[in-house]
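Undergrad: Requesting a structural model of the entry that follows:
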Amino acid sequence: MSEEIEIKFIVHPDAVSAIAGRVSACGGSHTDPQHLINIYYDTAGLELRQHGVGLRVRGNNDRYEMTAKTAGTIVGGLHQHPEYNIPLAGPEIDIALLPADIWPPGTDVTTLQRRLEPLFRTDYRREKWVVTYGESEIEVAFDQGEVAAGDLRETICELEMEILRGNVADLLAFAGTLCADGGLRQGGLSKAARGYHLAAGNEPREISALPLLRPAPKATVEEGLTDALSLALAHWQYHEELWLLGTPLARESILSAIMLIRETFVVMGNMIPRKATNMLRAQLAEVTDRIQAPDSNPRDLCYDAVYLQCRLALTRWLILSGWRDNLDDKARRKLDGSFKRFADIMLSRCAAELKVAFGRVMSHEEYQQQLPRLERRIMAFHLLSGAYPVKKVLSYILHWQALQQAIILPATNNLEFMRRQALTQPGFWRSVSNR
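TA: Sure thing, here's the model as predicted:
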């Protein structure tokens, strides 16, 4: 078994030649384009998919290889997956050659083999380079072709960078050098994920609500921080794809993800010093302005260097725990503490702040002045409330969101009613001393 650690980018059609030139200029060894055909297998009920296993056979010049990729993690555009590669004598799949422990307990491999069927295929030309960067050896693969399931097809135009030897820090730094002139965007969907979607009928993906952060029961504050940033980046990536596919409302979901990241920095501000997040805050502010611009076009913006460098900086900061170098011992002890207790304290503070801000009847202008504060506190509730029953949390948040909408749309004439409703609801969290 090996662990595949790679970062994926989608290449803008107009940047194909420029990107290939950038990689070639890095030196290293080059492999001429090869034609690769991959057939992905699963049962009719997608049992492998449900257990986090992707299974394919790759053909290249009469050489065949079977690969099983097991469930891994995706943060930003960085993919980490355990994988098994088995040479085959021909194109016929033989899962008996794979380790038995990748299957659920009690799996009858012979029976499973009989039930497998081709589900979709990828057909593309791959050009490769192997470059040395820092202490690492990195393989860069440029793939151009298509993924197909039946009559449904989708274009592949991707750049993948994988660590052959070395460390993630070098991989991310090298990716940053290639992205400096734009033409790329981070890719959250693998070829396999796109193929499964086509095989399921290519139904339009829908906008999803910003979920509550649900850390592990005994998570530390630092684990809560990483979970929050991972959630926000995943929400951003998913809705970026929708925005590019022509769903205008997805832009608001991207802005919500960015606001969640910024609010995470605020909530953690008594542990992580401002200097650790200053550059990220500035990048996020600039990207927010670009997204909100009346003439913003996702087909230009999402491949823009400034936009991409912001996404990469966040991924790097998260993967490499970029806050740690700026912490003193007191802050480290706080980050090692209970996220649940920290969340209870901060929920009490957020609620108290809103009660002061909206504790009296105000003019329309005063409500407008308090709107940014309300939006930030709603994001804080998404960040801090995951340890409690979802229905109670969502009911609490919905009352504040109703007030938010009443401020944005004052013609509804129910502003005062919404204010009183939000203020009088009891807190759902356990009362904790702020000391």
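Undergrad: could you pull out the strands for the stretch 151-300 of the chain?
TA: 152-165, 184-186 (DSSP state E, counting those that start in this stretch).
Undergrad: Residue 201 is nearest to which of those strands?
TA: strand 152-165 (7.9 Å; C-beta to C-beta). From N, CA and C alone the C-beta is placed, and that goes for glycine too.
Undergrad: Now do that closest one: everything it contacts.
TA: 4-11, 13, 16, 19, 23, 122, 124, 130, 136-148, 170-171, 174-175, 178, 184, 187, 191, 194, 198, 201-202 (C-beta atoms under 8 Å, 6 or more residues apart in numbering).
Undergrad: Now intersect these with the strands, please.
TA: 4-11, 122, 124, 130, 136-148, 184 (DSSP state E).
Undergrad: Would you mind listing which of the residues you listed are buried?
TA: 4-11, 122, 124, 130, 136-145, 147-148, 184 (16 or more other C-beta atoms under 10 Å).
Undergrad: in what helix or strand does residue 82 lie?
TA: strand 78-88 (DSSP states H and E).
Undergrad: Buried residues of the helix or strand just after that strand, list them for me.
TA: Next in sequence after strand 78-88, counting helices and strands by DSSP H and E, comes helix 109-115. If you call a residue buried by 16+ other C-beta under 10 Å, then helix 109-115 has these buried ones: residue 112.
Undergrad: Over to stretch 371-391?
TA: Quick answer for stretch 371-391 (16+ other C-beta under 10 Å): 374-388.
Undergrad: Outside of it itself, list whatever touches it.
TA: Contacts for stretch 371-391 (C-beta under 8 Å, 6+ apart): 210-215, 217, 228, 256, 259-260, 262-264, 266-267, 340, 343, 346-347, 350, 353-354, 357-358, 393, 396-397, 400-401, 403-404, 407-408, 428-429.
Undergrad: Show the buried residues in these.
TA: 210, 212-213, 215, 228, 256, 259-260, 262-264, 267, 340, 343, 346-347, 350, 354, 357-358, 393, 396-397, 400-401, 403-404, 407, 428-429.
Undergrad: Out of these, list just those in helices.
TA: Assigned to helices by DSSP state H, the following of those qualify: 228, 256, 259-260, 262-264, 267, 340, 343, 346-347, 350, 354, 357, 393, 396-397, 400-401, 403-404, 407.
Undergrad: ok so, going back, would you mind finding the most buried of the strands of the stretch 151-300 of the chain?
TA: Stretch with highest mean neighbour count among the strands of the stretch 151-300 of the chain: strand 184-186 (a mean of 25; mean count of other C-beta atoms under 10 Å).
Undergrad: and that strand, what's its mean pLDDT?
TA: Averaged over strand 184-186, pLDDT sits at 94.
Undergrad: Show me how far it is from its chain's centre.
TA: 13 Å (C-alpha atoms, centre = their mean, to the nearest Å).
Undergrad: Contacts for it, please.
TA: 7-12, 15, 19, 76-77, 159, 178, 237, 240, 302-303, 307-308, 311-312, 315.
Undergrad: partners of that strand in the sheet?
TA: Sheet partners assigned to strand 184-186 using DSSP bridges are listed as strand 2-11 (antiparallel).
Undergrad: What are the structural domain limits within the chain?
TA: 2-199, 221-333, 338-424 (automatic domain parsing).
Undergrad: what's the closest of these to residue 206?
TA: domain 221-333 (8.2 Å).
Undergrad: What is the end-to-end distance of the closest one?
TA: Start-to-end span of domain 221-333 (C-alpha to C-alpha, to the nearest Å) is 10 Å.
Undergrad: returning to what we had before: would you turn the strands of the stretch 151-300 of the chain into CSV with distance to residue 416?
TA: Putting those into CSV (distance: least, C-beta to C-beta, whole Å) gives the following:
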stretch, distance to residue 416
strand 152-165, 51
strand 184-186, 45
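Undergrad: Ok, which of the ones you listed comes nearest residue 63?
TA: Nearest of the strands of the stretch 151-300 of the chain (C-beta to C-beta): strand 152-165, 19.7 Å.
Undergrad: Paired strands for the closest one, with orientation please.
TA: When DSSP bridges is applied, strand 152-165 pairs with strand 2-11 (antiparallel), strand 136-149 (antiparallel).
Undergrad: Least confident of the ones you listed, on average?
TA: strand 2-11 (a mean of 85).
Undergrad: And the one helix or strand in the chain whose mean pLDDT sits lowest, what's buried?
TA: Within the chain, confidence by mean pLDDT, DSSP states H and E is lowest for strand 73-75 among all helices and strands, at a mean of 71. Within strand 73-75, the residues scored as buried using 16+ other C-beta under 10 Å are 74-75.
Undergrad: try stretch 269-284
TA: Result for stretch 269-284 [16+ other C-beta under 10 Å]: buried residues 271-272, 276-277, 280, 283-284.
Undergrad: which pair in those residues spans the largest distance?
TA: 271 and 283 (21.2 Å).
Undergrad: From residue 291, how far out is residue 423?
TA: Going from residue 423 to residue 291 by C-beta to C-beta, to the nearest Å gives 32 Å.
Undergrad: Between these two, which has more neighbouring residues?
TA: Per other C-beta atoms under 10 Å, whichever of residue 423 and residue 291 has more neighbours is residue 291, with 18 against 15.
Undergrad: Closest to residue 109 out of the buried residues of stretch 371-391?
TA: Nearest to residue 109 among the buried residues of stretch 371-391, with distances taken as C-beta to C-beta, is residue 386, at 38.7 Å.
Undergrad: What are the buried residues along the helix or strand that contains residue 38?
TA: Using DSSP H and E, residue 38 falls within strand 29-42. Residues of strand 29-42 classed as buried by neighbour count (16+ other C-beta under 10 Å): 36-42.
Undergrad: Now render those residues as JSON lines, adding pLDDT and distance to residue 117.
TA: Shown next, in JSON lines, are these (pLDDT from 0 to 100; distance: C-beta to C-beta, whole Å):
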{"residue": "36", "pLDDT": "93", "distance to residue 117": "21"}
{"residue": "37", "pLDDT": "93", "distance to residue 117": "17"}
{"residue": "38", "pLDDT": "94", "distance to residue 117": "15"}
{"residue": "39", "pLDDT": "96", "distance to residue 117": "10"}
{"residue": "40", "pLDDT": "95", "distance to residue 117": "10"}
{"residue": "41", "pLDDT": "95", "distance to residue 117": "7"}
{"residue": "42", "pLDDT": "94", "distance to residue 117": "7"}
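Undergrad: May I see these arranged in a markdown table, with distance to residue 59 as well?
TA: Below are the buried residues of strand 29-42 laid out as a markdown table (distance: C-beta to C-beta, whole Å):
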| residue | distance to residue 59 |
| --- | --- |
| 36 | 7 |
| 37 | 5 |
| 38 | 8 |
| 39 | 8 |
| 40 | 13 |
| 41 | 14 |
| 42 | 18 |
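Undergrad: Select, from the residues you listed, the two members most distant in space.
TA: 36 and 42 (19.8 Å).
Undergrad: Perfect, that will be all.
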